[in-house]
Each structure stands twice: as C-alpha cells, then as structure tokens.
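Novice: My questions are about this predicted structure, shown below with the sequence.
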Amino acid sequence: MSRRRRIRLVSLPESIPAPPHEAPELDGATVLAAIRSLPEAYRETLVLRLVEGMSGQEIALRTGLTPGSVRVNLHRGMALLREKLERLR
Amino acid sequence: MSRFDDYLWDPAAPPDERIAALERALEPYRCRADADHDAALARLYDAARHPSRRRAAVRRALLLAAAALAAVGLGTTLWLDRAAAPWSVALQDGGAALSGRAVTADARMRPGDVLATDASGRARLAVGRIGQVWLAPGSELELVDAGEASHRLALRRGEIHARIWAPPRFFVVDTRWATAIDLGCIYTLRVDDDGSGSLAVLQGAVELRAPDGATVYVAAGTKAHLGPGGPGVPWPLGSDSAFRGAAESLAAGSEDAAALATLLAAPDAQATITLWHLLPRVEHDTRAALVRRIAELVAPPPGVRIEDVVALDADALRAWQSVLSAHWSSEPDTRWRRFLLRWGIAKPAAVLHMQAEVDD
C-alpha cells in the first residue's frame, strides 16, 4: 500500500502558458484575461463567438437570449474588449 | 451593415481582420459545443470503462453520430434549440434525487443542492450556460457556487463526465483530495467512497490542485489518480501497465532502479508528461536522469539550462513546460481534426487510448 503513503509535494508552475501559435499577433491568454474581466453578459457572448466560433444565431439558441440581445452584447462587449486591449498595448 | 458588423454576427461572412486577429489568438482554446456528440463521447468513455457494455454503447454512439449528421441536413438549429436551461436537471435513466426529493421534469439545481443518482440512475445537469455534466449511477454532486466569478461543484462520490465551453479556470469541481480546475473542455472525474479516484481528460486539459497547493496538469489523452497524497502523476492513456506502475512507484517515494529504467525508456514526447510531474517528487539523482531523458525527447528552449531544471528553478521549469505541454495532448489540434470530431466522424484519440488501456 506504499502508493497511498502521504508524501510532500512541491508545486510545479501554476499557470500553463497557451499553446504556441504559428504567427501570434495577440497573446491568447491576455485576450482571455481581458474577456474574463468584462460583465458576464458580454463575457459569455464573446467567448461563444470568438473562442467557440458560433454565429449570433447559434449563440441566441444556445443561451436563450434574443438575437437582438446577442447583437447588442456582441457590439458592446467587443467595444469594451478592444478598449481594454488598447490600454494593454 | 459594415464588414465588421457582418463578420461579428456571422463567422461565415467575409472576415474582418480586427475580429479575425482575436479569433486566431483564442483558437488554441476552442472546443465547439455539441451536445449530441458529447453524449456520444460519454457513452464511448463508459463503454471503455465497462467492456461488457462496450459494443452496445458504441452502437448507441454511432446512432447518435448518425443522428447528428442527419440533423445537419435538416438544419443545425433543430438540435441547438434543445439547449437546456441554466442549471436544469434531466433524468436520463433510473432514479435520482435533488436534495432528497425525486427529480421532476422542471428540476433546477441551486447552490447548496445535492444531486444524487441511485444504482441505475443517470442524470444530465446544465452547468449554467457554459456546459453540461452527465452524472453516472451511484453518484452525489453538490452545487457549491453558481456566481459570476466561477461555477463550482463538489463531487462527493461517483462519476461525472463534464463538457465545458468557458474561459479556463471558470469551472471547478472539488473532491476530497484534489480540486479539478477546467482549462477546457471534456473530462471524466471519478471519486470512490473513500475519496480516492481518478481524472481522465478526453479533450483540452484540466489542472488538479492538491489541498497544499501542488498542481498537476492533465492533458487530453492522459489520466491521473487522486488519493490521500493529492493528485498522482498523469500518464498517457495508451501507456502500458509497467510504465504506469513504475511512475506510481517513484511518485510514492520509491527509488527502485527497475522502475526508473522503465520510465527512462519512455517511448515518445507525450510520455514526458509523466516524467515531468515526477521531478519534484524524486531525489536529485533520479531527477537528473529523468530530466536528461525528457531533454532527449523534447529539447529545452534556448536559455533553459538542464542543471537549473534539476534544481527545480521555477523560471526554468516554467519555460520548458511551456514547450513540453504542447506535446502532452494526444489530440492533434487542427481544423480538419476538429471538424471530424465535431460531427462524430472520428473518435477523440483519448477514447481510443482509453479502450486500449482496458484491453491491456
């Protein structure tokens, strides 16, 4: 039963860097962090559009929001996201 | 409507470079949602764990995949429209109770609720709007937090199969000996009555965090045990029992030369996930041998010195791990592969490795 013996562990680095991209123009982890700092409605909509690649119609069906609300969230969320990323540059 | 507006609404429209640049940056995190395909994955995984039911389960999975393909012809909105409401519970088989009361058709889970399936019960939980969790028979799952900052569950016993489409670290599952932090997208977590268990990742990756803060990175196609010592070292699902045994032996503190020799014969770059996670758990000489073998399989990036890694220098570890982790997933990350997986035309490599492990 030696495998159940309690041992002291040393932490490996906490953050796992994003997988490398052939021609990185923006850092994915930075963009994700910026999205995570947005209000929930914008965050969810932008993740589904920018990360998962869904269309506005698909997002509306998936989330139960109206297409109009999704369109508003996409536009306002994108505006906020671009502002945040501009400040980080 | 501008090109920007059109493309923001519809990815099939002519691309706007400002949005496309964001998509390219976020592409490594992509994992398209597809409830039918997820159910097929869950059944394939279940079949791999329980060989006697494999054939029937694979048949069901193939039927589901065929149904998904048929849905394409009829219009994808048919199945997208069936998206479950946030935190709704659907009983799929047998019996289940929500905080002591039988699950009804309109059941909703709230923080503090415990969902429990009986010996034949299977249930599906909508995780807010970010994913789904399938609960296996004989399981107990508590909803701890459904807030804006994170969604948190606690698996007291049994097994869940989770499919999440959310930013990394947003979805978390506590167990007795470790916390599973979702880095996207599909995994199965099991907890036995004594609190020990295992985590197998089918797509994406999961971080396991021990109560003392130690972390283990479990990539797609790898699996790790949970126990009183915290998370064990992960190993590729396709690795043989000798390799797994050697890893567990060294992780438990043994300095067995035969076990080390087995690990030093690690066959490929994916196996470095096991060697890498052993580094902080073994003595200096053993660590140095493991580091040399890792370097043979995946060279360290410029500026990272072997002696610094052997000394567990945090910067050197971080730099090399950023290169190594790209080799740990069994799933080739290409658009074509994602297309095949999305429509059920191909099985995830992790599922195939899981079946090979059962056959082993």
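Specialist: Perfect, thanks for sending it.
Novice: make it CA atoms for all contacts and neighbour counts henceforth
Specialist: Will do.
Novice: Next secondary structure after the helix or strand of chain B with the lowest mean pLDDT?
Specialist: Each helix and strand of chain B was given a mean pLDDT (mean pLDDT, DSSP states H and E); the minimum falls on helix B:77-80 at a mean of 35. Going down the chain from helix B:77-80, the next helix or strand is strand B:89-93, by DSSP states H and E.
Novice: Paired strands for that following strand, with orientation please.
Specialist: In the sheet, strand B:89-93 lines up against strand B:122-127 (antiparallel) (DSSP bridges).
Novice: ok, and what's touching the partner strand?
Specialist: B:84-96, B:117, B:132-137, B:151 (CA atoms under 8 Å, 6 or more residues apart in numbering or on different chains).
Novice: for the record, mean pLDDT for that strand?
Specialist: The predicted model gives strand B:122-127 an average pLDDT of 90.
Novice: Over to stretch B:159-177?
Specialist: 90.
Novice: cool, stretch B:201-221 as well?
Specialist: For stretch B:201-221, the mean pLDDT works out to 90.
Novice: and it, which residues are buried?
Specialist: B:201-210, B:213-221 (16 or more other CA atoms under 10 Å in any protein chain shown).
Novice: filter those down to the ones near chain A?
Specialist: Contacts with chain A within these, as defined by CA under 8 Å from any CA of the partner chain: B:213-216.
Novice: of the residues you listed, closest to chain A?
Specialist: Each of these was checked against chain A using CA to the nearest CA; the closest is B:Ala214, at 4.2 Å.
Novice: Distance check, that closest one against B:Val323.
Specialist: 20 Å (CA to CA, to the nearest Å).
Novice: ditto for A:Val47
Specialist: Using CA to CA, A:Val47 is found at 26 Å from B:Val323.
Novice: Which one's more surrounded, the two?
Specialist: A:Val47 (24 against 18; other CA atoms under 10 Å in any protein chain shown).
Novice: So which bits of the lengthiest helix in chain A are buried?
Specialist: Criterion DSSP state H: the longest helix present in chain A is helix A:67-88. The neighbour-count check on helix A:67-88 (16+ other CA under 10 Å) flags A:67, A:70-71, A:73-75, A:77-78, A:80-82, A:84 as buried.
Novice: least confident pick among the residues you listed?
Specialist: Within these, pLDDT reaches its minimum at A:Pro67, with 88.
Novice: name the helices or strands packed onto the lowest-mean-pLDDT helix or strand in chain A?
Specialist: Least confident element among the helices and strands of chain A, by mean pLDDT, DSSP H and E: helix A:56-63 (a mean of 79). Contact here means 3 or more CA pairs under 8 Å, 6 or more residues apart in numbering or on different chains; DSSP states H and E; on that basis helix A:56-63 packs against helix A:67-88, helix B:3-9, helix B:77-80.
Novice: Output those helices as CSV; include the columns distance to B:Gly253.
Specialist: Listed next are the helices and strands packed on helix A:56-63 as CSV, based on distance: least, CA to CA, whole Å:
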stretch, distance to B:Gly253
helix A:67-88, 45
helix B:3-9, 54
helix B:77-80, 50
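Novice: B:Ala316: which of those helices is closest?
Specialist: B:Ala316 lies closest, by CA to CA, to one member of the helices and strands packed on helix A:56-63: helix A:67-88, at 26.3 Å.
Novice: Show me the shaky parts of chain A.
Specialist: A:1-25, A:62 (pLDDT under 70).
Novice: B:Gly112 - how many residues pack around it?
Specialist: So B:Gly112, with other CA under 10 Å, has 12 neighbours.
Novice: need the contact list for it.
Specialist: By CA under 8 Å, 6+ apart, the contact set of B:Gly112 is B:142-144.
Novice: now with 10 Å?
Specialist: Listed by CA atoms under 10 Å, 6 or more residues apart in numbering or on different chains, the contact partners of B:Gly112 are B:99, B:142-145, B:153.
Novice: This completes my enquiry, with thanks.
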